[in-house]
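A.B. asks: I'd like to go over a predicted model; first the sequence, then the structure.
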Amino acid sequence: MLHDAIQIAPDTMARFALLEQLRHPIWVFDIDNKRVFWANTQALQVWDASSLEELSSRDMGLDMSDAVSRRLHQYQNDFERFGMTFSEAWTLYPNGKPRSLQVVFSGLRHQGRMMMLCEALGELQADPDTLRSAEALLHSSVQITLYQADGPALYRNPAARENVIDPAECWQGHFLLPADADQLQQQLLQSGKGRLVAQVLTRRGPRWHEVSARQCRDAVSGQDALLFSEMDVSELKDAEARAQYLATHDTLTGLPNRNFVQQSYPALLKQVQQQGGQIALLCIDLDRFKNINDSLGHAFGDMLLVQMSERLKLLLKPGQQVARQGGDEFLVLISAPQVRLAAEKLAHAIIDSLAQPLWLRGQQVQLTASIGISLCQDGAVDIQSHMRHADLAMYSAKDAGRNGVSFYDETMDARAQARLALEYEIRRGLENGEFEAFYQPRVDCISGKIIGAEALARWRHPERGLLFPDSFIPACEESGLVRELDRQILRQVADHLARWDAQSRALQISVNLSASQFTDPQLTRELQDILQQSGCRAASIELEITESLLLAHDQSTLDTLNSLRKMGFAIAIDDFGTGYSSLAYLQNYPLNTLKIDRSFISGLPQRSAIPELITSLCRILKLDMVAEGVETHAQLEWLRQQGCQQYQGYLCSRPVSLAHFEALLRDGETSS
Ligand code: C2E
Ligand code: CA
Ligand code: CA
């Protein structure tokens, strides 16, 4: 029996006895157990129950939806915290048949637990639409509140009740910021309705709500009222904030990006115009960073960029902004009364800081940077001009030998135009086959015989005549056109070699491979094609790569070198001694030749320490050695004595055209 199972206190019993007398159906619902705990006779009829025992044996939890169950627990909480009483239209399903009743709910504490006292005021006789809309209001996740015009709420639907902290609050108190309440008030005064997205106070803390409010009348009392409907849009707001963050920040370094600089610039400009002072924009570009990416890999490059951005952040004072412009370029925006001086000082501090060596993955790296500065005085008032000017100034710092600072001036525009024009010209020149392989003989140090040559690119420009690599290679490298140039030179060399082969002239020609060509995944396939089309043997080609490519000592470099060797090509390290390669690593690579850089040969025979070191290194590693830039007999004599096998240099010949080279070959043949 129910009354035996649960001990009911004498005063509760007395209350139940009183309730039994009332005409309204009244029952007590045990929210925790989801059963009717007690019901008067009228309630038993409503529930279509034969007895209290039978009714309380029904497990109401069986077909109760999650939403209803959550709401009941919310009610329990409302009773507990606020002693709330409220009236709602409820539809019960006694034995499956719907009955809609207006029910007043209040809390009833029993044995330390909060139960729900339900009093049905009467059957709702409304039409089905009204019943359904009342039901919809109960279950809607839209939070609906009917406020008195100048007082607390008259009604809250369950979704609104779930959020309210103080049921007695007026609508203004619902907003976190008084300014939002004021704004809504203005809208209501103007048009009787209003809408805004604002932060409101809820039990879950401040949340973003989209609030719509409308002036109306209370249907019960006729007094002026306000109907609020609210949706929680916090997640949308968060997503929006995230999207805004992503649009204005760089994900790698967490720094603002160029969009951010563009967006924040007008405010800075206004501030400077009001308070005096001037703006400077610094464009910082890491020198030869592309080499690092090509040789050490992008992951390594990324880590380096993060480190560099940390250094930049440390240098800045409050109010100064650093952003990543993209790639290895950073922007710094500052304002100061004497901005030229401040910018110059900062730029040098940046150069010094970035130049500190650093260790990454067991590798010591040292970088330099070139910085361009644009000041307001240059007529740059909008951020676009600032960016363009700073960029031009940065390029001029690079042209001046890198690792330096340069201020923008008007002549730079003309130079930028010239650079673009040059790139266009090169493209056209490549299409028209204006680039030509010249040959500089490679000579046997002992016999003096020409045993091969290095192919060096020349541009037979239709108007400007014969051009040397220093006038086009940098532009080719910057624009990526160097790959096409390398391909064209290689094709010519392969064709010439096939011809010499047919004339039984055994020559080995070395060809320069740019870093981007070397790391191109298509490289081996392209080489294969070139060999096939020309009929030239791979063994007669030596590929010259720069030392920096070996710095990575990563697997892909080794794989590429191994497959080139397997195809039959010889590999030479160009300009040896100018890079930073640690000698110990050389033995890990399948190399054939080291070419000592001209700068070490020019000091011979006096300054001989490094050439001596390199000659003994070649002996130990069993590599051929080629001395570059040999201009005097004394230099050649020294090389002979050291056992260096080959040389190139003006002493024998400058790089010459194909016809001229073939003439040199014939001369050599007749003289021997
Ligand atoms: P490099 O590979 O170190 O080529 C040697 C450079 O030294 C050549 O300059 C050559 O003319 C010069 N040289 C040779 N002997 C002497 C000498 O006795 N005294 C002096 N003072 N100089 C000498 P060049 O032809 O102007 O080439 C410059 C650079 O351009 C090359 O340096 C190479 O890095 C690059 N290059 C040339 N052709 C190509 C090419 O087809 N592809 C690629 N990727 N780079 C190329
Ligand atoms: Ca070379
Ligand atoms: Ca060289």
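C.D. replies: Noted; the coordinates are in hand. Ligands and ions are numbered 1, 2, ... in the order given.
A.B. asks: kindly report the residues of the chain close to ligand 3.
C.D. replies: Contact residues, the chain versus ligand 3 (Cβ under 5 Å from the ion): 574, 575, 628. Every C-beta, even on glycine, is put in place using the N, C-alpha and C of the backbone.
A.B. asks: next, the residue most central in space within the chain: secondary structure please.
C.D. replies: The centroid of the chain falls nearest to residue 251 when counting by Cα atoms, centre = their mean (2.9 Å). On the three-state scheme (DSSP: H, G, I helix; E, B strand; the rest coil), residue 251 is labelled coil.
A.B. asks: need the pLDDT of it.
C.D. replies: pLDDT, residue 251: 86.
A.B. asks: next: residue 362.
C.D. replies: 80.
A.B. asks: what do you get for the one 3 residues further on?
C.D. replies: Note for residue 365: predicted pLDDT of 85.
A.B. asks: circling back: of the residues of the chain next to ligand 3, list those near ligand 1.
C.D. replies: Filtering the residues of the chain next to ligand 3 for proximity to ligand 1 (criterion: Cβ under 6 Å from any ligand atom) leaves 574, 575, 628.
A.B. asks: the second one belongs to a strand, doesn't it?
C.D. replies: Yes - when the secondary structure is assigned by three-state DSSP, residue 575 falls within a strand.
A.B. asks: that one: neighbouring residues, count only.
C.D. replies: By other Cβ atoms under 10 Å, 18 other residues sit near residue 575.
A.B. asks: next: residue 305.
C.D. replies: Considering only other Cβ under 10 Å, residue 305 is surrounded by 22 other residues.
A.B. asks: residue contacts, it?
C.D. replies: Counting by Cβ atoms under 8 Å, 6 or more residues apart in numbering, residue 305 touches 252, 253, 324, 328.
A.B. asks: hmm, residue 546 is touching residue 574, no?
C.D. replies: Yes - using Cβ atoms under 8 Å, residue 546 is in contact with residue 574, at 5.4 Å.
A.B. asks: three-state assignment of whichever residue of the stretch 1-150 of the chain sits closest to ligand 1?
C.D. replies: Ligand 1 sits closest to residue 141 of the stretch 1-150 of the chain, with a gap of 65.8 Å, by Cβ to the nearest ligand atom. Three-state assignment for residue 141 (three-state DSSP): coil.
A.B. asks: ok, now which ones touch it?
C.D. replies: Counting by Cβ under 8 Å, 6+ apart, residue 141 has contacts 159, 231.
A.B. asks: and the pLDDT at it?
C.D. replies: At residue 141, pLDDT is 84.
A.B. asks: that one and ligand 3, how far apart?
C.D. replies: Distance of residue 141 to ligand 3, computed by Cβ to the ion, to the nearest Å: 73 Å.
A.B. asks: do you know how far that residue is from residue 81?
C.D. replies: 22 Å (Cβ to Cβ, to the nearest Å).
A.B. asks: tabulate the residues of the chain next to ligand 3 (JSON lines), appending distance to residue 226 and pLDDT.
C.D. replies: JSON lines is the format used below for the residues of the chain next to ligand 3 (distance: Cβ to Cβ, whole Å; pLDDT from 0 to 100):
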{"residue": "574", "distance to residue 226": "81", "pLDDT": "92"}
{"residue": "575", "distance to residue 226": "81", "pLDDT": "87"}
{"residue": "628", "distance to residue 226": "88", "pLDDT": "96"}
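A.B. asks: can I see the domain layout of this protein?
C.D. replies: 10-136, 140-238, 251-409, 421-671 (automatic domain parsing).
A.B. asks: strands of the stretch 551-672 of the chain, residue ranges please.
C.D. replies: With DSSP state E, counting those that start in this stretch, the ranges of strands along the stretch 551-672 of the chain come out as 570-576, 593-596, 624-627, 646-647.
A.B. asks: partners of the shortest one, with directions?
C.D. replies: The one in question is strand 646-647. The strands beside strand 646-647 in its sheet (DSSP bridges) come out as strand 435-444 (antiparallel), strand 624-627 (parallel).
A.B. asks: the last one near ligand 2 anywhere?
C.D. replies: I take that to be strand 624-627. No - using Cβ under 5 Å from the ion, strand 624-627 stays clear of ligand 2, coming no nearer than 9.6 Å.
A.B. asks: circling back: out of the strands paired with strand 646-647, which is the most enclosed?
C.D. replies: Among the strands paired with strand 646-647, strand 624-627 has the highest mean neighbour count (mean count of other Cβ atoms under 10 Å), at a mean of 24.
A.B. asks: end-to-end on stretch 23-38?
C.D. replies: With Cα to Cα, to the nearest Å as the measure, stretch 23-38 spans 16 Å from end to end.
A.B. asks: list the buried residues for it?
C.D. replies: Within stretch 23-38, the residues that count as buried by 16 or more other Cβ atoms under 10 Å are 24-31, 34-38.
A.B. asks: widest-spaced pair of these?
C.D. replies: Spatially, the most separated pair among the buried residues of stretch 23-38 is 24 and 34, at 22.8 Å (Cβ to Cβ).
A.B. asks: how about the strands in the stretch 101-250 of the chain?
C.D. replies: Listed in chain order, the strands of the stretch 101-250 of the chain (DSSP E, counting those that start in this stretch) span 113-123, 143-148, 153-156, 193-202, 205-217, 224-232.
A.B. asks: quick one, helices of the stretch 351-500 of the chain?
C.D. replies: 383-399, 411-431, 473-479, 482-502 (DSSP state H, counting those that start in this stretch).
A.B. asks: same question, the stretch 151-300 of the chain
C.D. replies: Under DSSP H, counting those that start in this stretch, the stretch 151-300 of the chain gives helices at 158-163, 178-191, 234-248, 258-275, 289-296, 298-315.
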